[in-house]
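Student: Provided below are the primary sequence and the corresponding predicted coordinates.
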Protein chains: 2
Amino acid sequence: MILIKRSNERPHTEEELEWWIEQYTAGKIPDYQMSAWLMAVCWRGMDARETAALTRCMVQSGDQLVWDKGDKTPLLLADKHSTGGVGDKVSLILAPLAACLGAHVPMMAGRGLGHTGGTIDKLESIPGYQTCLSIAAFQDVVQAVGAAIVSPSETLCPADRKLYALRDVTATVPCVPLQTASIMSKKIAEHPHSLVLDVKYGKAAFQESAQQAEALARAMIATGQANGVQTCSFLTRMDHPIGSSVGNWLEVYECIHVMKTGKGRSDLVTLAVVQAAQLVKPLYPDMLWEDLVHKTCETLQSGQVYGKFREMVVAQGGEASHIDQCLPNKATYMHDILAPVDGFLSDINALIAGQVCVRLGAGRTKADGMVDPAAGIWFHAQVGDSVDAGSKIATIYTNISRTILEQATEMLEKAVQYSDHAMDAPPIISHRVEGDGKMEAFTLPMTLKNLM
Amino acid sequence: MILIKRSNERPHTEEELEWWIEQYTAGKIPDYQMSAWLMAVCWRGMDARETAALTRCMVQSGDQLVWDKGDKTPLLLADKHSTGGVGDKVSLILAPLAACLGAHVPMMAGRGLGHTGGTIDKLESIPGYQTCLSIAAFQDVVQAVGAAIVSPSETLCPADRKLYALRDVTATVPCVPLQTASIMSKKIAEHPHSLVLDVKYGKAAFQESAQQAEALARAMIATGQANGVQTCSFLTRMDHPIGSSVGNWLEVYECIHVMKTGKGRSDLVTLAVVQAAQLVKPLYPDMLWEDLVHKTCETLQSGQVYGKFREMVVAQGGEASHIDQCLPNKATYMHDILAPVDGFLSDINALIAGQVCVRLGAGRTKADGMVDPAAGIWFHAQVGDSVDAGSKIATIYTNISRTILEQATEMLEKAVQYSDHAMDAPPIISHRVEGDGKMEAFTLPMTLKNLM
């Protein structure tokens, strides 16, 4: 029996895992046996071979994307996954940016849960934008536009869907092999050629330390490679909110601004440019990394990325006029937080900022909760900036009530720290782990350095 | 949440465990959460304080035995528990023997499962014997006779009943803190003054090594002491069947013979006498151990133990004439195994013997299976005995079919080994662990040495 084997520390064969996942998905293995197995996996772990096999079983539990082998075959199918952050709007820029550089990006993204936001929630703040496409319609948009961002179809990885719900109520979510299988099964079902992972660590990430992030990154890379997907990963810091905004329309608004002007907060631009360059690397085999980043930067600054984004929005049913006008965010209750002293902004606690946004109505506490597109926070200053007493640090938006606005203000004021001397935030990307497992400290390309 | 705490390696408070067990017993916590917790306990373990508290919660989940504080108060309420063996009929002799020496023995015993036999199944081979008494009737027999052996009431430790059923199907049975809480809760609910544990190890025991047996013994002792029960343990070998018989009536028949004559196989007599002496020790505080064992031996040889056993059987509704006559076992199909060579009996594999008995109909493979009182094996020779080619080694009994008889014969022939030189089985009792945790190699008292 599978359970006895797991409790006895013996590894599973692929056939055993197939049977186990198949039977569970079919409702023939009760939850109480699966939850015991999940807990055993949390304690005992799984080796790379088992994790890759488990992932494969989960992919096989449902529909998968099949790409034409003909004239219409995309040259490079590439996708990115982030483990979740606060203000992490990178995909909104990265997908059209990579498409402009020649890649096809079939991105299935998630909704926000807890303090982290979700790309799907953000896109739904654009009136008309459809995130639930059929697999065929999704593939059509990818082939026609070069990028599409949708929420995973119900028929994709049903085993993961069922397992995740059980893990959520049995304290078996934080477990590297189970996380790996859950994330990677949905990506592998897209059958991309290559995949870039953004594994976050820090105060507001699911991984606290760089070591934990590295372990998850390595497990995901091994599983990707074992399933025929070229996979690499960046380890990135998640201590401060990324960019200027946390919220749904606020983040789309910020991204549109970046795509239209080619300018934006350094952390956001760095993540988008570096990860897009990494994504399209197989298309430019003879180009030096520094040159490829430069080309990616130029593409972002050319304004054509907004055009690509607009094409994608329109193809998925969104109102072009809404993003073309791109009106500033408005909510019934708004409040500005002002700097109490002259000095430097030394910290914005992203975990608190994320939690405040949930309170404001921008996030959800239950999987089926609603989100308000207008709720959120706009940060007028970034960590490291010098500020004058009385200058605006952040604006808070909510449609719920004045009381919530006041509570949020009080919470957020505690999340922002000041210092009397200048101090830069550490670089947003700390390491890169290649597909072969080689890990190196990440050096910011000159192009991006010069930009800042 | 309890589950998160367990998966995070933080210890539980008693209040948390109380809530957890209470809610689960009341059906308010689903099996899938409990099974994940059980698996986490298997991997993470529990400290002595937690194990004692969990046990207490399980005791408190149901009815408990309350003993009068008056003239009728038994001086010494004592019980014994064995972790289960093949041919382990010791309780049948030990309970009336300890009662003859002045103890009151309220013994709640189990049924057989798998290759191990159960005291309750054995007693039910006596026509009329009732093993399901109300708690009040059970206490009346204990007070009137000095000993009663019943199966645990449904209302006793319902939490353990529910948990055990779940552990059985989630591979969480072999786990020291869970085993400890399961065994000890039912014993502590009897509220005895003292408790002797027989923790078996070897081929046919649940604990393979002496180290594993020691770990379980220490955990159970700590839990007993923490709950106000003087607890000690013997570590005993379970490689060969105990005594001459394996089966239900066969074992009762053997015990009646021992109680009537004071004579029997050395392993059986040693276990009964030593453990009974240990049980009644608090009644003879000034007596040396060697003298107490001598007194216990004399009591066994006096024939009065059979009288006490008969009293107990009659008080529980059993037919006195059946045990007085004590007719030899009979079954439709019987077969003698003969020694193939001159030499010495060097091994009888107890695990195989136990499994053969299940095949013959003496044991059960499911918790609600029926057992045949007449099925089983009688061993005419013991490990270490010299045998002549053609002499009877064992007789096999079954009512099922000739085919089963033949299969059983073939299996059992492989379980019996011969040697051309004399070799004694190692002593049946290897260690004693006292209530204070002191452990010593066990030395056979002179009285018993002389007896053999």
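Tutor: Cool, got the structure. Numbering: from 1, shown residues only, chains lettered A, B, ... in the order given.
Student: where do the helices sit along the stretch 51-200 of chain A?
Tutor: A:90-100, A:119-123, A:135-145, A:158-168, A:176-188 (DSSP state H, counting those that start in this stretch).
Student: for those helices, which one ends up most surrounded?
Tutor: helix A:90-100 (a mean of 28; mean count of other Cβ atoms under 10 Å in any protein chain shown). C-beta: built from backbone N, CA, C; applies to glycine.
Student: Quick one: name the residues of the stretch 151-300 of chain A near chain B.
Tutor: The interface of the stretch 151-300 of chain A toward chain B, taken as Cβ under 8 Å from any Cβ of the partner chain, is made up of A:Leu166, A:Val169, A:Thr170, A:Ala171, A:Thr172, A:Pro174.
Student: one more time with 6 Å, if that's ok
Tutor: Residues of the stretch 151-300 of chain A lying near chain B by Cβ under 6 Å from any Cβ of the partner chain: A:Thr170, A:Ala171.
Student: Which stretches in chain A count as strands?
Tutor: Along chain A, the segments classed as strands by DSSP state E run A:78-82, A:105-108, A:147-150, A:194-201, A:230-237, A:245-247, A:333-338, A:343-348, A:376-379, A:386-387, A:392-398, A:416-419, A:429-433, A:439-441.
Student: which helices and strands does the second one pack with?
Tutor: If I follow you right, that is strand A:105-108. helix A:90-100, strand A:147-150 (3 or more Cβ pairs under 6 Å, 6 or more residues apart in numbering or on different chains; DSSP states H and E).
Student: any idea of the angle the first one forms with strand A:78-82?
Tutor: Per axes from the mean of the first three to the mean of the last three Cα atoms, to 10 degrees, the angle that helix A:90-100 makes with strand A:78-82 is 170 degrees.
Student: Counting neighbours, what do you get for A:Ser386?
Tutor: 12 (other Cβ atoms under 10 Å in any protein chain shown).
Student: Out of the helices and strands in chain A, which is least certain?
Tutor: Within chain A, no helix or strand scores below helix A:2-7, which has a mean of 59 by mean pLDDT, DSSP states H and E.
Student: returning to what we had before: of all the helices of the stretch 51-200 of chain A, which lies closest to A:Pro445?
Tutor: helix A:90-100 (15.1 Å; Cβ to Cβ).
Student: Need the CA coordinates for that closest one. CSV is fine.
Tutor: Taking Å, rounded to 0.1, in the frame of the first residue of the first chain, the C-alpha atoms of helix A:90-100 are listed here in CSV:
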residue,chain,number,x,y,z
VAL,A,90,5.6,41.9,-13.5
SER,A,91,3.6,39.5,-15.7
LEU,A,92,1.5,42.3,-17.1
ILE,A,93,4.6,43.8,-18.7
LEU,A,94,6.7,40.7,-19.2
ALA,A,95,4.2,38.8,-21.4
PRO,A,96,3.7,41.5,-24.1
LEU,A,97,7.4,42.4,-23.8
ALA,A,98,8.5,38.8,-24.5
ALA,A,99,5.9,38.6,-27.3
CYS,A,100,7.4,41.8,-28.9
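Student: now what about that helix, what contacts it?
Tutor: A:80, A:105, A:107, A:119, A:146-147, A:149, A:255, A:258, A:271-272, A:275-276, A:279-280, A:299-300, A:304-305, A:308-309 (Cβ atoms under 6 Å, 6 or more residues apart in numbering or on different chains).
Student: Show me which of the residues you listed are buried.
Tutor: Buried residues within the contacts of helix A:90-100, counting neighbours by 16 or more other Cβ atoms under 10 Å in any protein chain shown: A:80, A:105, A:107, A:119, A:146-147, A:149, A:255, A:258, A:271-272, A:275-276, A:279-280, A:299-300, A:305, A:308-309.
Student: picking up where we left off before, turn the helices and strands packed on strand A:105-108 into TSV, including distance to B:Asp388.
Tutor: As requested, those are exported to TSV (distance: least, Cβ to Cβ, whole Å):
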stretch	distance to B:Asp388
helix A:90-100	86
strand A:147-150	84
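Student: For chain B, give me its nearest residue in the stretch 301-450 of chain A.
Tutor: A:Thr365 (15.1 Å; Cβ to the nearest Cβ).
Student: What's the per-residue pLDDT of the most centrally placed residue in chain A here?
Tutor: With distances taken as Cα atoms, centre = their mean, A:Ser82 lies nearest the centre of chain A, 3.2 Å away. According to the prediction, A:Ser82 has pLDDT 96.
Student: bridging residues for it?
Tutor: A:Asp198 (DSSP bridges).
Student: is it true that it touches A:Asp198?
Tutor: Yes: counting by Cβ atoms under 6 Å, A:Ser82 does reach A:Asp198; the two are 4.0 Å apart.
Student: Residues that sit against both of these two, list them.
Tutor: Joint contacts of A:Ser82 and A:Asp198 (Cβ under 6 Å, 6+ apart) do not exist.
Student: From A:Val90, how far off is A:Gly384?
Tutor: 20 Å (Cβ to Cβ, to the nearest Å).
Student: And for the residue lying closest to A:Cys326 once chain neighbours are set aside, the neighbour number?
Tutor: Leaving aside its chain neighbours, A:Cys326 sits nearest to A:Ile256 (4.9 Å; criterion: Cβ to Cβ, 6 or more residues apart in numbering or on different chains). A count of nearby residues for A:Ile256, using other Cβ under 10 Å, gives 22.
Student: And the pLDDT at A:Ile256?
Tutor: 98.
Student: Where does pLDDT dip in the stretch 151-300 of chain A?
Tutor: By pLDDT under 70, the stretch 151-300 of chain A contains no weakly predicted segment.
Student: Pretty sure A:Trp378 sits against A:Ser245.
Tutor: Yes: between A:Trp378 and A:Ser245 a contact is recorded at 5.2 Å, counting by Cβ under 6 Å.
Student: And these two? Which one has more around it.
Tutor: A:Ser245 (30 against 22).
Student: How are the helices of the stretch 201-350 of chain A distributed by residue range?
Tutor: A:210-226, A:248-261, A:266-280, A:289-301, A:304-315, A:320-325, A:350-360.
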